[in-house]
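[1] Give me a 3D structure for the following:
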Amino acid sequence: MALGKGLDALWGDTTLQDQAGGSVTIPVAQIEPGLNQPRKHFDEEALAGLAESIRQHGIIQPLTVRRLSSGYYQIIAGERRWRAARMAGLAEVPAIVIEADDRMVMELGLIENLQREDLNPMEEAAGYRSLIEDYGLTQEEAAQRVSRSRPAVANAMRLLALPQEVQWLIEQGNLSAGHGRALLSLPTPEEQIAFAEEIMAHHWSVRETEERIRRILHQMNQPDEPKEDAPLKIYFQEAERRLTADLGRKVTISQGKKKGKIALEYYDQEDLELLMQALATLEAVKEGRAEPCPPKKKKTKRTPSRPRRRNRSRWPTPNRPSRWTLPPKTRKAAAAP
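    Just a heads-up that it's a prediction; the model follows:
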């Protein structure tokens with residue numbers, strides 16, 4: 001039997017039924033669970049509902065089992081129906097008996113459960129992982145076996161990267177698979193666990209969870225602005241003042257998160273040459289090739305002052321004619337007070 005045919009081979013393949021001789025009735029006590037059951041938790045309430053349905057209508061779909069050398073039968077597909085039948089008090093159940101080795105039993109049981117819709121997201125993800133890791137299938141091949149798309153299988157398996165605490169919350173139904181995939185965006189397991197608790201406390205929907213995580217990640221990606229304490233800020237201001245006075249030009253110091261920079265102003269090409277000479281002198285002093293000396297300051301042209309105003313009282317006025325315009329005989333008299 002080709003495993004790639006999925007469960008159609010289990011339920012509707014006449015060759016399989018011919019091999020097993022059709023459906024037979026087997027005592028419930030002679031049946032044991034399968035080897036690779038992905039379902040870890042059986043909902044007791046749902047199981048009780050199925051048991052009541054079986055009590056009234058019986059088992060419509062037979063179990064699929066294989067015969068063991070001990071005389072017992074091992075379930076390949078239908079463990080939930082078997083458990084409900086025991087709960088309903090049935091002594092016998094219908095079953096189809098097939099010949100299968102351990103590998104085929106485990107793979108068929110896994111595929112049968114994955115094709116159902118009642119697995120929780122973590123059981124489904126673990127089932128896909130088992131198909132890929134235990135049976136050497138690719139994601140594409142595993143998807144074909146369970147009639148899913150490859151992206152759907154890959155998306156389900158992403159939940160396995162969550163911390164165990166978050167996986168348990170998803171198994172219990174406290175969080176959905178959508179919540180789990182949103183939590184994967186947070187960088188550390190500790191943050192994922194803490195945020196999962198916030199989701200449950202505030203009953204956030206998947207969309208609200210995604211939006212809040214998006215805002216958190218946006219804030220985390222923003223560069224931190226350097227914070228200067230008061231003493232350091234005063235030190236930089238004093239350093240700026242001293243350098244401005246020593247170099248004869250405006251000096252600006254800016255401090256970053258890990259490093260800073262000093263900006264020196266120059267006013268024209270000649271001033272730039274003087275600045276370069278001063279810096280070269282500092283380098284020579286550092287290497288011991290020169291003695292320190294203050295940089296030459298640029299000569300600035302002084303603004304000529306306004307001419308001094310003469311005493312207007314010495315100039316001739318209508319009431320005080322100039323003595324130099326008077327006749328010689330009257331100059332001395334005009335000069336007298």
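
[2] Mark out where each domain of the protein begins and ends.
    3-119, 162-219, 230-286 (automatic domain parsing).

[3] ok, I234 - how many residues close by?
    11 (other C-beta atoms under 10 Å). C-beta here means a position set from N, CA and C on the backbone, and glycine is covered the same way.

[4] Any buried residues in the helix or strand where it lies, and which?
    Taking DSSP states H and E as the definition, I234 sits inside helix 230-247. Buried residues in helix 230-247, counting neighbours by 16 or more other C-beta atoms under 10 Å, are found at 236, 240, 243, 247.

[5] what does stretch 161-180 give?
    162, 166-167, 169-171, 175-177, 179-180.

[6] now do stretch 60-79
    Buried, per 16+ other C-beta under 10 Å, within stretch 60-79: 62-67, 73-79.

[7] In strands, which of these appear?
    63-67, 73-77 (DSSP state E).

[8] Which one of these is nearest to E32?
    Taking C-beta to C-beta as the measure, Q74 is the one of these closest to E32, at 5.6 Å.

[9] Would you check that the closest one makes contact with V105?
    Yes. Counting by C-beta atoms under 8 Å, Q74 does reach V105; the two are 6.7 Å apart.

[10] re earlier: which residues touch the helix or strand following the helix holding I234?
    Heading C-terminal from helix 230-247, the first helix or strand you meet, by DSSP H and E, is strand 251-255. Strand 251-255 has contacts (C-beta atoms under 8 Å, 6 or more residues apart in numbering) with 226, 228, 232, 236, 239-240, 243-244, 260-265.

[11] Check which residues of the strand of greatest length in the chain are buried.
    Ordering each strand of the chain by length in residues (DSSP E) puts strand 92-98 first. Going by neighbour count (16+ other C-beta under 10 Å), the buried part of strand 92-98 is 93-98.

[12] same thing with stretch 105-120?
    Buried-residue list, stretch 105-120, by 16+ other C-beta under 10 Å: 105-115, 119-120.

[13] mind listing which of those are in helices?
    105-114 (DSSP state H).

[14] ok, the residue lying closest to G71 once chain neighbours are set aside - how many residues close by?
    Distances taken as C-beta to C-beta, 6 or more residues apart in numbering place Q30 nearest to G71, at 7.2 Å, with adjacent residues excluded. When neighbours are defined as other C-beta under 10 Å, Q30 has 14 of them.

[15] separation between Q30 and L68?
    Using C-beta to C-beta, to the nearest Å, Q30 is found at 10 Å from L68.

[16] for the stretch 1-150 of the chain, what spans make up the helices?
    8-11, 14-20, 44-57, 79-88, 102-114, 121-135, 139-145, 150-157 (DSSP state H, counting those that start in this stretch).

[17] Give me the distance from the fourth one to the chain's centre.
    Its chain's C-alpha centre lies 45 Å from the corresponding centre of helix 79-88 when counted by C-alpha atoms, centre = their mean, to the nearest Å.

[18] Also the last one?
    Once both centres are worked out by C-alpha atoms, centre = their mean, helix 150-157 turns out to sit 20 Å from its chain's centre.

[19] Put the alpha carbons of that helix into CSV.
    Extracted as CSV, the C-alpha positions of helix 150-157 are listed here (Å, rounded to 0.1, in the frame of the first residue of the first chain):
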residue,chain,number,x,y,z
ARG,A,150,3.9,23.4,2.3
PRO,A,151,3.5,27.0,3.8
ALA,A,152,0.8,25.7,6.1
VAL,A,153,3.1,23.0,7.4
ALA,A,154,6.1,25.4,7.8
ASN,A,155,3.9,27.9,9.6
ALA,A,156,2.6,25.3,12.0
MET,A,157,6.1,24.1,12.8
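
[20] which other helices and strands contact the helix or strand following it?
    For helix 150-157, the following helix or strand on the C-terminal side (DSSP H and E) is helix 164-171. Using 3 or more C-beta pairs under 8 Å, 6 or more residues apart in numbering; DSSP states H and E, the elements in contact with helix 164-171 are helix 121-135, helix 177-183, helix 189-202.
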